[in-house]
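> after the sequence you'll find the predicted model.
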Number of protein chains: 2
Amino acid sequence: MDRPRKPTLDTVAGAVGVSRATVSNAYNRPDQLSAALRERILETAASLGYAGPDPVARSLATRHSAAVGFMLGQGLSASFADAALSIVLDGLASTVDGHDHCLVLMPGKDKGGPRPETVARAQADVVVAYSLPDDAPALTAARTRGLPMVVIDQPVLPDTARVEVDDFGGARLAASSLWASGHRRFGVVTFALHPDGHNGPVTPARLASTSFRVTRDRLHGYLDVTGTDTPVWECARSSRELGRAGARALLSTSPRPTALLCASDELAFGALQAVRDLGLRVPTDVSVIGFDDVPAAEHADPPLTTVRQPLAEKGRHAGELALRLLDGGRPGEPTRLPVSLVSRDSTAPPK
Amino acid sequence: MDRPRKPTLDTVAGAVGVSRATVSNAYNRPDQLSAALRERILETAASLGYAGPDPVARSLATRHSAAVGFMLGQGLSASFADAALSIVLDGLASTVDGHDHCLVLMPGKDKGGPRPETVARAQADVVVAYSLPDDAPALTAARTRGLPMVVIDQPVLPDTARVEVDDFGGARLAASSLWASGHRRFGVVTFALHPDGHNGPVTPARLASTSFRVTRDRLHGYLDVTGTDTPVWECARSSRELGRAGARALLSTSPRPTALLCASDELAFGALQAVRDLGLRVPTDVSVIGFDDVPAAEHADPPLTTVRQPLAEKGRHAGELALRLLDGGRPGEPTRLPVSLVSRDSTAPPK
DNA sequence: AGTGTGAACTAGAGCGCTTCAGAACGTCCA
DNA sequence: TGGACGTTCTGAAGCGCTCTAGTTCACACT
């Protein structure tokens, strides 16, 4: 197994007959040497099979790793159930990549977010947190490492950049439009209030201690309009199937709700299906409203009325903030992106 | 801006009054020092705000970075259109994370895969390639860096570990079952043959030079049964919407196909919709078959007949292979995971 | 007392790179 | 002709850590 040792800067320097510093400059500061020499260095490097400065050594010397970490509250597979996550992630990834930075993924296996050890060992010099419980250990880990941080949809943390959306206002907007058109009996289908995998009706106690900011705000936005006695069904994840089951349960009570308010489009898609399952029709018998406006909302059957939030923009903006922090920028004021109600065909006045 | 310099191993060593090596051991080899001293070191570290050995410096010294890179042929947002990707990615991520390694994402912006510079600078010591064109520059970049590599569903590369699925056989299986039940007029809806964003009918020339192995195999599996004159519609991505449009085009020809063979479930979902759009019924008027068996296939309307491949297993296995390569293991023979036909209600004999 | 043993800790040489303060060598203008 | 200046290249000091090959010391055994 005496494989030839990998070439280093020194190897190349020796072969060309210049100093290591010059080879380094050939890669990082072309203006510091003559074009001819640089050419010669690059050629020799190629012929030696040298692929450029080692990223790790480089990071150590420069004291930054050109990578942004992404801490997620759930497993990555959550993204196949919820398009919103993929879209945000994509916006983030492309921004970051466009600036020659890598994205280091730290998914949470359980729903509490990534393990603190994972965070402690991640080679990143800024992290983005998304959909973590308010008290996630990963948040503390990042903090004690002194990593600059940008949070998406999380509560404000001291010294942290933040991008958010007016979840409360958006939810109110949706509920109000239904109320205005005459609905009085509502049901709410929401995703997790706690990272414990619970599926079922929500008790007031549980509601009061919600550990996800987004859930809390959307829920309160709805209930602010419909009243706190509105039945709420919690789904452990934002998935079509769970939404379907939840909606079915809500629709089986009597008197039946005339409108279903869902905390995400994905849950709403399930609700749409549930209405059909029971032989009812949308929006004639039941109105259904979602949240997010993922691309599929437009093509649902019927097209889904929903609260639009600029998902890709959210990811992009988080990426830009992260990059700015890397440049030594201050966190600054939280950015609040706009939401709006997109009316399609899944809502109508009650019969 | 004279923020206090971040504590290092030396800081802690000095504070406790031991050598740097001992502090290092406190973190990495607890058996090398007395429990009492270790305790004292950890406490001092905590009180100093030292979060553990710097990951980058550690990587340089140990010569491995505890990270596996993931090179993807498309943007990450592809995963909201195609659950298969998320599931594979999730399997990979959890395996890798379970062994205390990070996942470094390198998405492709255009469809050619990540930029070679991105690959050259990524801090990973093994990479996994997925859904790249056969001639992606990223592949070469990884190779010249001398990174061990595992490819998923790619053509064999010398000295590379590989996990694959019998796409050709699976597709044949699906087509044969339809043929056996009497179908003779087929249409095929496929995802990209080339990374150029083409949507539309496929010419023989284009077919002959397909640059994605998976596409090629599934397509040839179908056509091997149905005949090479079968009309094929290409979609730039595997998405429901594109599949819907493609299927609609295929179904508008006369004589109309009695069965639609789709290269993915996602495309098949679109096809299901297209059949409805035209006022026809599945499977009475048209049979539709998918590929992948994503979770949604079971809950489609009607439940989708499809070729199952073990998606999560694919990701997990790739992760294990990557980890093994990291340990100096040899690539070994490609692993071939099993496929099977899952018959549900979207297929039936023709009228 | 002499020797062997194992546990506990340390010195110091790197890991592969960046970067800053020069050195060497023209060139140009007064 | 000489000094000021620019360009091109070099030397060497780190970056923060790991790890091998020790050294020390206490204790047990003969």
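Structure received.
> tell me who's in contact with the residue of the stretch 151-300 of chain A found nearest DNA strand D.
Residue nearest to DNA strand D within the stretch 151-300 of chain A (C-beta to the nearest atom of the strand): residue A:159, separated by 20.6 Å. Just so you know, the C-beta spots here come from the backbone N, C-alpha and C atoms, and that holds for glycine as well. Residues in contact with residue A:159 (C-beta atoms under 8 Å, 6 or more residues apart in numbering or on different chains) are residue A:331.
> now do the SS call for it.
Per DSSP: H, G, I helix; E, B strand; the rest coil, the local secondary structure of residue A:159 is coil.
> ok, the one 4 residues further on next?
State at residue A:163, reduced to three classes by three-state DSSP: strand.
> next one: residue A:288
Taking three-state DSSP, the label given to residue A:288 is strand.
> name the residues of the stretch 51-200 of chain A found near DNA strand D, please.
Within the stretch 51-200 of chain A, the residues that sit near DNA strand D (C-beta under 7 Å from any atom of the strand) are A:57, A:60, A:61, A:63.
> at 6 Å what do you get?
Residues of the stretch 51-200 of chain A found near DNA strand D (C-beta under 6 Å from any atom of the strand) are A:60, A:61, A:63.
> buried among these? Make that a PyMOL selection.
Here is the PyMOL command that selects the buried residues among these (16 or more other C-beta atoms under 10 Å in any protein chain shown):
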select buried, chain A and resi 60
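> go back to the residues of the stretch 51-200 of chain A next to DNA strand D and keep what's next to chain B.
residue A:60 (C-beta under 8 Å from any C-beta of the partner chain).
> mind telling me what element residue A:105 is part of?
strand A:102-106 (DSSP states H and E).
> from the chain's centroid, how far away is that strand?
Distance of strand A:102-106 from the chain centroid (C-alpha atoms, centre = their mean, to the nearest Å) equals 13 Å.
> over to stretch A:303-321?
Worked out by C-alpha atoms, centre = their mean, stretch A:303-321 lies 10 Å from the chain centre.
> so which residues of the stretch 51-200 of chain A form helices?
A:55-62, A:78-81, A:83-98, A:116-121, A:137-144, A:167-180 (DSSP state H, counting those that start in this stretch).
> let me fix that: the stretch 251-351 of chain A
A:265-277, A:295-298, A:311-326.
> now the last one, how far from the centre of its chain.
From the chain centre to the centre of helix A:311-326 is a distance of 11 Å (C-alpha atoms, centre = their mean).
> show me what it is in contact with.
Against helix A:311-326 from outside (C-beta under 8 Å, 6+ apart): A:64, A:68, A:84, A:87-96, A:99, A:101, A:125-128, A:130, A:148-150, A:152, A:161-163, A:165, A:292-294, A:331, A:335, A:337, B:77.
> just the C-alphas of that helix, formatted as CSV.
Taking only C-alpha atoms (Å, rounded to 0.1, in the frame of the first residue of the first chain), the coordinates of helix A:311-326 have been written out as CSV:
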residue,chain,number,x,y,z
LEU,A,311,-40.3,30.6,0.2
ALA,A,312,-37.4,30.8,-2.2
GLU,A,313,-36.8,34.4,-1.1
LYS,A,314,-36.6,33.3,2.5
GLY,A,315,-33.8,30.8,1.7
ARG,A,316,-32.0,33.3,-0.4
HIS,A,317,-32.2,36.0,2.1
ALA,A,318,-31.0,33.8,4.9
GLY,A,319,-28.1,32.9,2.7
GLU,A,320,-27.2,36.6,2.1
LEU,A,321,-27.4,37.3,5.8
ALA,A,322,-25.1,34.4,6.5
LEU,A,323,-22.7,35.7,4.0
ARG,A,324,-22.8,39.1,5.4
LEU,A,325,-22.2,37.9,8.9
LEU,A,326,-19.2,36.1,7.5
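> near DNA strand C at all, it?
No: Helix A:311-326 is not in contact with DNA strand C by C-beta under 6 Å from any atom of the strand; minimum separation 13.9 Å.
> that helix vs helix A:83-98, what angle?
Angle, helix A:311-326 to helix A:83-98, by axes from the mean of the first three to the mean of the last three C-alpha atoms, to 10 degrees: 40 degrees.
> what parts of the stretch 151-300 of chain A come near chain B?
Residues of the stretch 151-300 of chain A lying near chain B (C-beta under 8 Å from any C-beta): A:240, A:241, A:294, A:295, A:296, A:299.
> how about these in JSON lines, adding pLDDT?
Below are these laid out as JSON lines (pLDDT from 0 to 100):
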{"residue": "A:240", "pLDDT": "90"}
{"residue": "A:241", "pLDDT": "90"}
{"residue": "A:294", "pLDDT": "93"}
{"residue": "A:295", "pLDDT": "88"}
{"residue": "A:296", "pLDDT": "87"}
{"residue": "A:299", "pLDDT": "85"}
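> which of these ranks first by neighbour count?
Within those, most neighbours by other C-beta atoms under 10 Å in any protein chain shown means residue A:294, with 26 neighbours.
> surely it and residue A:84 touch.
Yes: Residue A:294 is in contact with residue A:84 according to C-beta atoms under 8 Å; the separation is 5.8 Å.
> could you check how far the residue of the stretch 201-350 of chain A found nearest DNA strand D is from residue A:92?
Going by C-beta to the nearest atom of the strand, DNA strand D is nearest to residue A:328 of the stretch 201-350 of chain A, at 15.9 Å. For residue A:328, the distance to residue A:92 equals 21 Å [C-beta to C-beta, to the nearest Å].
> looking at these two, which has the bigger crowd around it?
residue A:92 (28 against 8).
> I'd say that one and residue A:103 touch.
Yes: between residue A:92 and residue A:103 a contact is recorded at 6.9 Å, counting by C-beta under 8 Å.
> anything in contact with each of those two?
Contact with both residue A:92 and residue A:103 is made by residues residue A:70, according to C-beta under 8 Å, 6+ apart.
> coming back round to it: of the helices of the stretch 51-200 of chain A, which approaches residue A:27 most closely?
Residue A:27 lies closest, by C-beta to C-beta, to one member of the helices of the stretch 51-200 of chain A: helix A:55-62, at 9.3 Å.
> and the closest one, what's buried?
A:55, A:56, A:57, A:58, A:59, A:60.
> show me where the stretch 151-300 of chain A has its strands.
For the stretch 151-300 of chain A, strands defined by DSSP state E, counting those that start in this stretch occupy the ranges A:161-165, A:186-190, A:200-201, A:232-234, A:259-262, A:287-292.
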